[in-house]
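Chemist: sharing a sequence plus its predicted fold:
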Amino acid sequence: MSTPLTLNPDRLFPADPTQRKLAREIFEVTKRHPIISPHGHVPPEWLALNTPFTDPTSMLLTPDHYTNRLLHAVGRVDLADLGVPVGSPLSPEKSRAAWRLFCKNWWTLRGTAVQGWFESEFVDVFDVHVRPSEETADEIYDHINALLKTEEFLPRSLYKRFNLAMMATTDDPVSDLRYHKQLLDDPTWEGYIPPTFRPDKYLEPATPDFKANVEALGQAADQDVSTYEGYVEAMRKRRLFFKEMGAVSSDHSHRDPGTARLPEARAAELYKLALAGKISPEDGAALRRHMLNDQARLACEDGLVMTFHPAVYRNHHQAAFERLGADVGGDVPMAVEFTNNVRPMLSEYGDNPNFQVVFFTIDQDVYQRELAPLAGYYPSVYVGAPWWFIDEPDAILRYREQVTPYGTFYKTSGMIDDTRAFASIPARHDVARRMDAVYLARLVAEHRLELDEALEVSEALVTTIPARAFRVDTSKLGGTTAK
Amino acid sequence: MSTPLTLNPDRLFPADPTQRKLAREIFEVTKRHPIISPHGHVPPEWLALNTPFTDPTSMLLTPDHYTNRLLHAVGRVDLADLGVPVGSPLSPEKSRAAWRLFCKNWWTLRGTAVQGWFESEFVDVFDVHVRPSEETADEIYDHINALLKTEEFLPRSLYKRFNLAMMATTDDPVSDLRYHKQLLDDPTWEGYIPPTFRPDKYLEPATPDFKANVEALGQAADQDVSTYEGYVEAMRKRRLFFKEMGAVSSDHSHRDPGTARLPEARAAELYKLALAGKISPEDGAALRRHMLNDQARLACEDGLVMTFHPAVYRNHHQAAFERLGADVGGDVPMAVEFTNNVRPMLSEYGDNPNFQVVFFTIDQDVYQRELAPLAGYYPSVYVGAPWWFIDEPDAILRYREQVTPYGTFYKTSGMIDDTRAFASIPARHDVARRMDAVYLARLVAEHRLELDEALEVSEALVTTIPARAFRVDTSKLGGTTAK
Amino acid sequence: MSTPLTLNPDRLFPADPTQRKLAREIFEVTKRHPIISPHGHVPPEWLALNTPFTDPTSMLLTPDHYTNRLLHAVGRVDLADLGVPVGSPLSPEKSRAAWRLFCKNWWTLRGTAVQGWFESEFVDVFDVHVRPSEETADEIYDHINALLKTEEFLPRSLYKRFNLAMMATTDDPVSDLRYHKQLLDDPTWEGYIPPTFRPDKYLEPATPDFKANVEALGQAADQDVSTYEGYVEAMRKRRLFFKEMGAVSSDHSHRDPGTARLPEARAAELYKLALAGKISPEDGAALRRHMLNDQARLACEDGLVMTFHPAVYRNHHQAAFERLGADVGGDVPMAVEFTNNVRPMLSEYGDNPNFQVVFFTIDQDVYQRELAPLAGYYPSVYVGAPWWFIDEPDAILRYREQVTPYGTFYKTSGMIDDTRAFASIPARHDVARRMDAVYLARLVAEHRLELDEALEVSEALVTTIPARAFRVDTSKLGGTTAK
């Protein structure tokens, strides 16, 4: 006996009839709009090569560490039994067994953000209408598996069906961006897939691989990197290459968002020490902050928008990291401080017309205390949408409630899905659009905003606001509103 | 002229009719269930000896530091006039005078959690139906005083009437647990009162009494404690003794939740220094963190669940502490950090199947930022219910809103009353059950959860969820659902 | 074509009909009450001299850094084009041009606190009924400009029309308070304008001007300040002078709220170093904390209520500070810690019947974690209303939700507008009163408080509660409830 799985058109809207009616009306404006996804982790080769997805598990489950970690935590499921890490061999039997584990533990996801996304995907994308359970696992698996063999479920078909206006990828500075090039050169491809410059590991001088990393960077840039000056020059060249290939932003994620500069001579000296493998962790952090400041300086030249995603303890569980590798879900956020940390950068570049930066946080304390005041003063600063552990309905609402009063709608980033779960992109943006409608509906219901104002804001939040925050080339945006 | 005191059956439910109706329906499921109280401070002798309560003040007011501190703060009432500290002589006149002070200042409690609990107790337990005031003080006092002389208000009668399935106490590791033994040996007693191992003072090497404390511990364990190894062995023995006496958990409360290990030799050396009274505060804290880590190691052996209640500045007001002693209300919470502090422990024992830990906090910032991510990754980690200054309706709601999305319902602890105010236990659990119903009702009303799912979750929150989090012996649970 | 601008009488009230009806009823009680404004920044000379306001921009826009910073941040408006800094020459053309910029960028304020205040001011004070825009800028400007030439819009007329019961100013300890004296001596003046003792710059020993500052202080006090003892004596005298002139409080704003004392000899020595310009920043902070503790000690003598506004990074944008001066909007809050920082002060003076302190914060984390527990224990401690970046409807609601359960209504400060935007005072208090009504309405709707209790609390929040928190001389309060 299976339970039906349905999607209520009013989902996430408040029960109060006045607010629900307004939320519907406001959501009506945005739900037709194409999705601007300026930061995410879908591999560009999926679109370049348009290879079919092989099976439900490796498409929907294995790469989705949001889901894996919950199954592991609550159901004590071994991550390896879900196919983790991505790329490990996944036989049809193992794929099906993983899927059964997922369905059997479906109840553990009750009330989570993950449940909401999957329900959307199942109903809207895969036409699944039964609730996952031990009993229905095979039925759902077979159904999706069959769909994946069809033309309609090829990556490019889904890109079109998802009504994506753009979808940025995240890339290593030494990458030759061959798949982006292939897409740019492909006359049959009409999408917009800009790369993103993600130089984190080249800004961590105290890590064991630092020397090898910067040497690879030097090689990619055809630039001697034996001095700090050369290192910066190599960065400049690679940023420009990315920019030429369509990049609109660089992305930065370190333990802290420090941006303090060192005296130039000191930076040069520490860089030498780092190459020699002799830099201390403290000096490594100091040099990294200087390097991050230099990324901002380069951004004033090339105009790439900077995005900051700081203060996550990566691979918190040492044993899992050693067994399964990085990024399998063992991330745990930490408190973060922006006011003092970003001051060196903003005092220097904060009103430079070429500079723009988007601050993301998982620590919600800083929205009203630090980020709204920064974005509500510096023309260059934007407040990023809730990310990772706060990418969920209530936190999105809190974000609007805490940023709007002194940071405004117009200094926010628009929705950022930041996902490698391709099929969840429409569901994630749907949630964000609904919650923005909920917030706006409340403002209207409480006579804090007129309806015409709310409708304009609503539309801007999925069009001009993300386009401006990420300096998107609007002439390249695709998708259609006539859906 | 007195004002009636009534309890609305819909209290704490939202005004919106859709949500209220759902909340009622969901609460209906849990309100009949017996109360699992796995952590609290009621003295076991009350149940073992079944001694009558002497008067309203010493039963309801003096031991309740939640109430005392508010009367002191707002009404400038001297704590001593409320009978503080517990155990000081309380003549009938003084008892009545204290009660009058309480009733006269009743209005100062408006809107507080304390008001809500007292209203429940007055109406439901003591059949009081007038609002406390200067005018009604004597009437209420006399009424309750008379009840306390009756069979129905003996501790064991109330235990049964409160429908307690279990009620853990909190005990010193050197205790012989005589009252627990007496209860276990009493064929007329059907309750379930497990002790809890609370070793805090034996983990604070920089305190003046440390040597005397560990010597007492050694004596209780019949174990030489002149070395660190011996100290750990004494702990192992006492934990096992508690386990044999029915304990399911050990409880830990220090300024920070640090769990970093020291090199063994360094720990041994610092322990010697501590016994000699020569350890510095910094080294004392370092050794304490090592000791706490060792408690986790022992927990992997004996399976006692660990509970952490960190980051409270105890006895903040030095003068009151000196005059009236510890725990009279001068506690003030502090910011807390878990991500880095508990990493040493979780990296070592986090996926040990025998290990389980419940993290409590008063600093709500960590629910979504740190605790939900930890509980949503490590199988061993649970998020404790709101405690002390956040044991109140709105904070309970925030807790669910912030933990559920990435920590799930299933990695929470169930309600913990943590109280020494025996008569308030039903009222406290009633509030928690109502607020869980309110949260679930919202999820259903907003089509984020189906009603059948919400009803299952609701029941689990007062049955299987606390039983699993605390490894309760379910065969011993008492109480009845047929109320 | 212009859009009408209207004020809905139910603005800020929740959509739910039950709660809205209750909120209306509760607000009805307070809306007629005169405004007690015990802390603000309106210059006393405006009232003493009763000089007409010259033009809309210099009255409403230039001194309002809340608004300026948003126009700068979102619209990239140059602050200088809005007349900043106050006092720079403002020709009629420049005034009108600034006003046009403001109206043209009106849409950027959607959903902000600033929009709400301006809408109130426009409709209620200036009889403006069209929405600001590029098209309506001149019309609105001309209309307001004409009003400002009339008797009704003189400062004293507005003071009366705003129904102010009192309005404190903020003053330098060396001030001769001539305008306050003029008002006290003026038989035609019936208002109540107490000065406030704001000694911040005399408590920052590591600043370059410290010596000059304390010498001026010494001169004002006719007191040798070459020793620390003399410095404290000068403070005592100036505080007494302020008290004689009607002051009820002293106001303190430093990076941290530290209050730790130094040994007396050490304080004396550091003071000497500071006068010699040789004190380090760390020692400067240590001496400042000692000095702040001494302000508390003096408060035990003279009874002035202390108010703390800590943890704001002033003039965050160095370049703007250098170009335009202090206080033009570049403030950014920081995390703050009270529990440990204020313990030295509260342990010494916390139950002194003559001592009273109000803690303000922008870091909302501390409301429930630290401030409610402090106010709910120490008779002397009050929790200040939301301030600066959290002076907005939702944060006011959060403040009530987080302070009430263990801090009570009765240990809060009442609304503090803290503004230099004179015309916005009624709007700001209106918002606070409405949000208090919203919170109380919810408590009543959820059967957590009876309506009669809520009505009493509501009235107390605008009468006895601020009067008690600030030790206001109630015999001097003006205004009328018969409006």
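Modeler: Everything's here; your move. Numbering: from 1, shown residues only, chains lettered A, B, ... in the order given.

Chemist: flag every residue of the stretch 101-250 of chain A that's near chain B.
Modeler: Residues of the stretch 101-250 of chain A lying close to chain B by CB under 8 Å from any CB of the partner chain are A:Trp107, A:Thr108, A:Leu109, A:Arg110, A:Gly111, A:Thr112, A:Ala113, A:Gln115, A:Gly116. Glycine gets a C-beta too; all of them are placed from N, C-alpha and C.

Chemist: and those residues, which two are furthest apart?
Modeler: Largest separation among these by CB to CB: A:Trp107 and A:Ala113, giving 15.8 Å.

Chemist: quick check: which ranges of the stretch 351-483 of chain A have low pLDDT?
Modeler: Residues of the stretch 351-483 of chain A meeting the criterion pLDDT under 70: A:482-483.

Chemist: actually chain A, sorry about that
Modeler: For chain A (pLDDT under 70), the answer is A:1, A:329, A:482-483.

Chemist: what sits up against stretch A:158-165?
Modeler: Residues outside stretch A:158-165 that contact it (CB atoms under 8 Å, 6 or more residues apart in numbering or on different chains) are A:34-37, A:47, A:125, A:152, A:167, A:191-192, A:422-423, A:425-426, A:477-480, A:483.

Chemist: helix/strand/coil for the residue minimising distance to the centre of chain A?
Modeler: By CA atoms, centre = their mean, chain A has its centre lying nearest to A:Asp418, at 1.5 Å. A:Asp418 falls in the coil class when you classify it by DSSP: H, G, I helix; E, B strand; the rest coil.

Chemist: quick check: phi and psi at it.
Modeler: phi 50, psi 40 (degrees, to the nearest 10).

Chemist: pull the contacting residues for it.
Modeler: Counted by CB under 8 Å, 6+ apart, A:Asp418 has contacts A:His39, A:Gly40, A:His41, A:Trp387, A:Trp388, A:Asp391.

Chemist: how many neighbours does the residue nearest to the fifth one when sequence neighbours are not counted have?
Modeler: Ranked by CB to CB, 6 or more residues apart in numbering or on different chains and with sequence neighbours excluded, the top spatial neighbour of A:Trp388 is A:Ile362, at 5.7 Å. The criterion is other CB atoms under 10 Å in any protein chain shown. On that basis, A:Ile362 has 26 neighbouring residues.

Chemist: what sits against A:Ile362?
Modeler: A:Ala311, A:Val312, A:Pro333, A:Val336, A:Trp387, A:Trp388, A:Phe389, A:Ile390, B:Gln368, B:Arg369.

Chemist: A:Ala445 too?
Modeler: A:Asp16, A:Thr18, A:Gln19, A:Leu22, C:Pro14, C:Ala15.

Chemist: ok, now with 6 Å
Modeler: A:Thr18, A:Gln19, A:Leu22, C:Ala15 (CB atoms under 6 Å, 6 or more residues apart in numbering or on different chains).

Chemist: between those, which is nearest B:Met345?
Modeler: Looking across the contacts of A:Ala445 and measuring by CB to CB, the closest to B:Met345 is A:Gln19, at 44.9 Å.

Chemist: before we move on, the earlier item: show me the two of the contacts of A:Ala445 that sit farthest apart.
Modeler: A:Leu22 and C:Ala15 (8.4 Å).

Chemist: between A:Trp107 and A:Ala113, which is the more surrounded one?
Modeler: A:Ala113 (25 against 20).

Chemist: give me the phi and psi angles of that one.
Modeler: phi -60, psi -30.

Chemist: quick check: the residue lying closest to it once chain neighbours are set aside vs B:His143, distance?
Modeler: The spatially closest residue to A:Ala113, leaving aside those adjacent along the chain, is A:Glu392, at 3.6 Å (CB to CB, 6+ apart). With distances taken as CB to CB, to the nearest Å, A:Glu392 is found 49 Å from B:His143.

Chemist: ok, A:Pro257 next?
Modeler: In terms of CB to CB, A:Pro257 sits 61 Å off from B:His143.

Chemist: neighbour count: the two, which is higher?
Modeler: The neighbour comparison of A:Pro257 against B:His143 (other CB under 10 Å) goes to A:Pro257, with 24 against 17.

Chemist: cool, thanks, signing off.
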